[in-house]
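**Q** pasting a predicted model and its sequence here:
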Amino acid sequence: MGNGARRPILVSLILVMLLGFAVYFKLWFMDYRVSYHDAELLRKQFDLANREAMDESAEWRLKFDTEKEQAERCMVELTKIKRSSENNGAGTQNMQSRLEMLQKENMDLLERLETLKQELESEKLKCSNLQ
């Protein structure tokens with residue numbers, strides 16, 4: 001009886017184990033399919049997020065480049081203005097001394113003009129006396 005009673009238990013145990021393996025493999029296969037679809041969905045979402053991040057990065061880079069170019073133009077203009085003001089500072093002193101020199105020359109020329117007018121008048125008088 002010991003050997004006969006064990007046999008149905010052993011068969012039922014093997015049958016239960018086979019059913020357990022079948023259920024396990026069925027669940028594993030279902031989980032694999034779900035995991036595969038989830039992985040595919042995650043990959044698509046990641047690609048979309050990556051493209052959006054790259055687009056946003058490109059927009060910020062464009063804004064940065066635009067601001068950089070504007071800052072460089074402002075720097076160039078500021079440098080030109082500084083040079084111009086420095087040149088005008090030195091030029092103003094130079095212009096001032098030149099103005100003084102020209103005023104002196106003008107005074108000399110005015111004096112010379114007066115002497116020439118006087119000479120002309122004297123020559124006119126001489127000519128009128130000779131006639």
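**A** Happy to help now that I have it.

**Q** could you list the low-pLDDT ranges of the protein?
**A** 1-2, 4, 31-36, 88-91, 130-131 (pLDDT under 70).

**Q** what helix or strand is the residue nearest the centre of it on?
**A** The residue lying closest to the centre of the chain (Cα atoms, centre = their mean) is Asp65, at 2.2 Å. Per DSSP states H and E, Asp65 falls inside helix 2-130.

**Q** now the residue nearest to the centre of the chain: how far from Ala53?
**A** Asp65 sits 18 Å away from Ala53, going by Cβ to Cβ, to the nearest Å. Just so you know, the C-beta spots here come from the backbone N, C-alpha and C atoms, and that holds for glycine as well.

**Q** Val16 versus the residue nearest to the centre of the chain, what's the distance?
**A** 71 Å.

**Q** can you check Arg7 too?
**A** Counting by Cβ to Cβ - Arg7 and Val16 are separated by 15 Å.

**Q** ok, now Leu62?
**A** Leu62 sits at a distance of 68 Å from Val16 (criterion: Cβ to Cβ).

**Q** got the CA positions of stretch 78-91 in PDB?
**A** Extracted as PDB, the C-alpha positions of stretch 78-91 are listed here (Å, rounded to 0.1, in the frame of the first residue of the first chain):
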ATOM      1  CA  LEU A  78      31.900 102.200 -27.300                       C
ATOM      2  CA  THR A  79      35.600 101.700 -28.200                       C
ATOM      3  CA  LYS A  80      35.200 104.000 -31.200                       C
ATOM      4  CA  ILE A  81      33.500 106.600 -29.100                       C
ATOM      5  CA  LYS A  82      36.300 106.400 -26.500                       C
ATOM      6  CA  ARG A  83      39.000 106.700 -29.100                       C
ATOM      7  CA  SER A  84      37.100 109.600 -30.700                       C
ATOM      8  CA  SER A  85      36.800 111.400 -27.300                       C
ATOM      9  CA  GLU A  86      40.500 110.700 -26.600                       C
ATOM     10  CA  ASN A  87      41.500 112.000 -30.000                       C
ATOM     11  CA  ASN A  88      39.200 115.000 -29.500                       C
ATOM     12  CA  GLY A  89      40.800 115.600 -26.100                       C
ATOM     13  CA  ALA A  90      44.200 115.700 -27.600                       C
ATOM     14  CA  GLY A  91      42.700 117.300 -30.800                       C
END
